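# Sequence first, then the predicted structure:
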Amino acid sequence: MTSSPKKLDIVALGEAMVEFNQTPHQRPDEAPLYLQGFGGDTSNAAIAAARAGARVAYLSRLGADRWGDRLMDLWLHEKVDTHTVVRDAQAPTGMYFVSHDAQGHHFSYARAGSAASRMQAQDLTQHWAEAVASSHWLHLSGITLAISASACDTAFATMQYARSTGTRVALDSNLRLSLWPLARAQACIRHAVSLCDLFLPSLEDMTALTGLTQAQDIIGWSHAQGAAQVVLKLGADGTIASNGQTLRQLPGHSVEAVDATGAGDCFAGNLLARLAAGDDLWAATAYANAAASLSVQGFGAVAPLPYRDAVMNVLTAAAKASTT
């Protein structure tokens, strides 16, 4: 099939949700207060890419409710195209709560039967095909596959269609075993890797999925499944990027991290934005490392996502430091 002109840089497929995050520093005898925000890994990545200057659209379903309206307003503000978002009057927008105690933070989800979990393969032909065909990249994640069987089928169909139209596919592992059994996750993510051009796993995810603990073994496994490019995320230690012939470790940035929520999504969005702009894998990964280092210095998934000028300042400072 002849590819269409690429009017978009990235289309992201998945579920966006409303977040209620417990505010800190409350006494044990006080009723908890929650700050309303937004979440959803591929939505975070889409916003990160848009802030990096990419032309981005989001593919999803939302409830025809107040919370869906708020998410639409967010994307409008962030310059993420929403003409591909389907409003579903029969199902709610998903949400989740974050609570905090001495053991850390805990997530409670209210997403069963959400509008996004009701996405179907026919949504591709009815609503999304043109956007997918006109984008340089399609981005999705393990969570996209996990929220329901129909969402998984939709993701596979969209990945296959993207490749048929010359649109490259990026997959973030984002393993959430609270959403599905390990055996199903292993089978579905393995198949998804075979359909992607760029795989973005984390060390923790891949150890759980494959039992492998060494970075080079994980990268080798990923290439063996079919991914041409692999960027293994190592948290504060940076990343290891491979194109199948060359493997390079790109260090992270030493910062005081206060909240890692959305850091991986920030990395993915910025990496794809720079690849779409023409950077090679190494330059795009270095840029994404710098962006992620900024995102962990603020609270929440969306608010600390950096703009391009801030990322360039980090890269310029790092370059100066390396020459002194």
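All right, it came through fine.

# could you dump stretch 234-252 to PDB, C-alpha only?
Presented in PDB, the C-alpha positions along stretch 234-252 are these (Å, rounded to 0.1, in the frame of the first residue of the first chain):
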ATOM      1  CA  LEU A 234      17.600   2.000  33.400                       C
ATOM      2  CA  GLY A 235      16.100   4.700  35.500                       C
ATOM      3  CA  ALA A 236      18.700   7.100  37.100                       C
ATOM      4  CA  ASP A 237      21.400   5.100  35.300                       C
ATOM      5  CA  GLY A 238      20.200   6.300  31.900                       C
ATOM      6  CA  THR A 239      19.600   4.000  28.900                       C
ATOM      7  CA  ILE A 240      21.100   1.500  26.600                       C
ATOM      8  CA  ALA A 241      20.100   2.000  22.900                       C
ATOM      9  CA  SER A 242      20.700  -0.500  20.100                       C
ATOM     10  CA  ASN A 243      19.900  -0.600  16.400                       C
ATOM     11  CA  GLY A 244      20.900  -4.200  16.000                       C
ATOM     12  CA  GLN A 245      24.400  -3.400  14.900                       C
ATOM     13  CA  THR A 246      25.600  -0.800  17.400                       C
ATOM     14  CA  LEU A 247      24.900  -0.700  21.100                       C
ATOM     15  CA  ARG A 248      25.500   2.400  23.200                       C
ATOM     16  CA  GLN A 249      24.900   3.300  26.800                       C
ATOM     17  CA  LEU A 250      23.800   6.900  27.400                       C
ATOM     18  CA  PRO A 251      24.100   8.000  31.000                       C
ATOM     19  CA  GLY A 252      21.400   9.700  32.900                       C
END
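
# what is the rounded mean pLDDT of it?
Mean per-residue pLDDT for stretch 234-252: 90.

# Over to stretch 314-324?
On average, stretch 314-324 scores 82.

# Could you do stretch 187-206 as well?
On average, stretch 187-206 scores 97.

# And for stretch 77-97?
According to the model, stretch 77-97 has a mean pLDDT of 96.

# first to last residue in it, what's the distance?
Stretch 77-97 stretches 24 Å from its first residue to its last (Cα to Cα, to the nearest Å).

# Tell me the buried residues in it?
Within stretch 77-97, the residues scored as buried using 16 or more other Cβ atoms under 10 Å are 78, 80-82, 84-86, 88, 91-97. Glycine gets a C-beta too; all of them are placed from N, C-alpha and C.

# got it, and stretch 203-218?
Applying 16+ other Cβ under 10 Å to stretch 203-218 flags Leu203, Asp205, Met206, Ala208, Leu209, Thr210, Leu212, Ala215, Ile218 as buried.

# mind checking how far the helix or strand harbouring the second one is from the chain centre?
In other words, Asp205. Taking DSSP states H and E as the definition, Asp205 sits inside helix 203-210. Centroid separation for helix 203-210 versus its chain: 17 Å, with Cα atoms, centre = their mean, to the nearest Å.

# Need the residues that contact it.
142, 173-175, 177, 182, 185-186, 189, 212-213, 215, 218, 221-222, 232-235 (Cβ atoms under 8 Å, 6 or more residues apart in numbering).

# State the mean pLDDT of the next helix or strand after it.
Next helix or strand after helix 203-210 toward the C-terminus (DSSP H and E): helix 215-225. For helix 215-225, the mean pLDDT works out to 97.

# how far away is Ala227 from Ala102?
Per Cβ to Cβ, to the nearest Å, Ala227 is found 40 Å from Ala102.

# Compare the two (neighbour count), which wins?
Ala227 (26 against 4; other Cβ atoms under 10 Å).
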